[in-house]
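Undergrad: A predicted structure for the sequence below; I have some questions about it.
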Amino acid sequence: MEFRYDRIRELREKHNYSLSVAVRLLKSRAGFRLSRGGFSMWETGRMLPSLPGLMALSELYGVDPGYFFEPRTS
């Protein structure tokens, strides 16, 4: 399985959230603390979310955790 980090930004932009708002909502709605820089690193693929981070993203955007994965094609 391949992690689709681009879907994090896609969902954030679809919901019209700035980085700051997305980080604040992760904390208030899902109880997950992350800096703006950390969130940006998730969006660019420089850092992968932990399992709790992935669950928090899923909760925030109302998607299944599997949404962030795609089968490898090679």
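TA: Looks like it came in fine.
Undergrad: My understanding was that residue 57 contacts residue 50; is that so?
TA: No: taking C-beta atoms under 8 Å as the definition, residue 57 is not a contact partner of residue 50, at 10.6 Å. Where C-beta positions appear, they are placed from N, C-alpha and C, glycine not excepted.
Undergrad: So which of these two has more stuff around it?
TA: Set residue 57 next to residue 50 and count neighbours by other C-beta atoms under 10 Å: residue 57 wins out with 25 against 11.
Undergrad: Check that one and give its pLDDT.
TA: With respect to pLDDT, residue 57 has a value of 96.
Undergrad: element containing it, please.
TA: Applying DSSP states H and E as the criterion places residue 57 in helix 51-61.
Undergrad: That helix packs against which elements?
TA: Counting contacts by 3 or more C-beta pairs under 8 Å, 6 or more residues apart in numbering; DSSP states H and E, helix 51-61 packs against helix 6-14, helix 19-30.
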